[in-house]
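Trainee: predicted model follows, preceded by the sequence.
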Amino acid sequence: MEAYLLEWAALLLRWTHVVVAIAWIGASFYFVFLDNNLTPPIDEALKSKGVTGELWAVHGGGFYNPQKYLPAPPTLPAHMHWFYWESYATWLSGFALYTVVYLFNASTFLVDKRVYDWSSGGAAALASIGFLLAFWFVYDALCRTLGQKKNGDALVGIGVLVAVVLGSALACQLFAGRAA
């Protein structure tokens, strides 16, 4: 019965993860479109309020006029829509999926006795605590050191690439093929 429930949980989490990731990507594409199509405001009143760009659009019979402020206006409205739940839901559903598939089923998906002979609890602990925390600290250190230099983005990108390659090589020596 437990295997049956875990299989259903994995299926539901996988679809949840896909749907919320699509929503996150859609919101990101919308803002890329918006930033690429903003025009400087013509109206002096908008300029004096700090509007740096605006766009007129029509959709479904309604007319929209989003305006971009840089920096933020002095006062913000009481009701403001924040585009953060898409990314939060993607991260949370992905981590839940990782937990159900790999940590709850470590003996099946994480451990391969032919690759490395260890307990499923040890593999789950290393995968969840060791790798995740280690890479978090590595990424943070890269951002704090290389990210502050000239061409910091490129340096951090190269550092992350090297860390991922080294971590993948290590994972291939420790975990089953699907998990590595």
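Mentor: Good, I have the coordinates. Fair warning: this is a prediction, and the values are worked out from it, not measured in the lab.

Trainee: please, where are all the helices along the protein?
Mentor: 2-37, 44-48, 85-98, 120-125, 132-145, 152-174 (DSSP state H).

Trainee: closest one to Pro71 among these?
Mentor: helix 44-48 (14.2 Å; Cβ to Cβ). Glycine gets a C-beta too; all of them are placed from N, C-alpha and C.

Trainee: domains of this structure?
Mentor: Structural domains annotated on the chain: 1-103, 105-180, as defined by automatic domain parsing.

Trainee: endpoints of the shortest one, how far apart?
Mentor: Terminal residues of domain 105-180 are spaced 15 Å apart (Cα to Cα, to the nearest Å).

Trainee: hang on, the earlier thing: of the domains of the chain, which shows the lowest average pLDDT?
Mentor: With a mean of 89, domain 105-180 has the lowest mean pLDDT of the domains of the chain.

Trainee: and that one, how far from the chain's centre?
Mentor: Domain 105-180 sits 16 Å away from the centroid of its parent chain (Cα atoms, centre = their mean, to the nearest Å).

Trainee: also stretch 85-100?
Mentor: 9 Å.

Trainee: could you do stretch 31-44 as well?
Mentor: 27 Å.

Trainee: picking that back up, can you lay out the helices of the chain as TSV showing mean neighbour count and distance to Gly62?
Mentor: Output for those, formatted as TSV (neighbours: other Cβ atoms under 10 Å; distance: least, Cβ to Cβ, whole Å):
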stretch	mean neighbour count	distance to Gly62
helix 2-37	13	16
helix 44-48	11	20
helix 85-98	16	22
helix 120-125	16	51
helix 132-145	13	41
helix 152-174	14	38
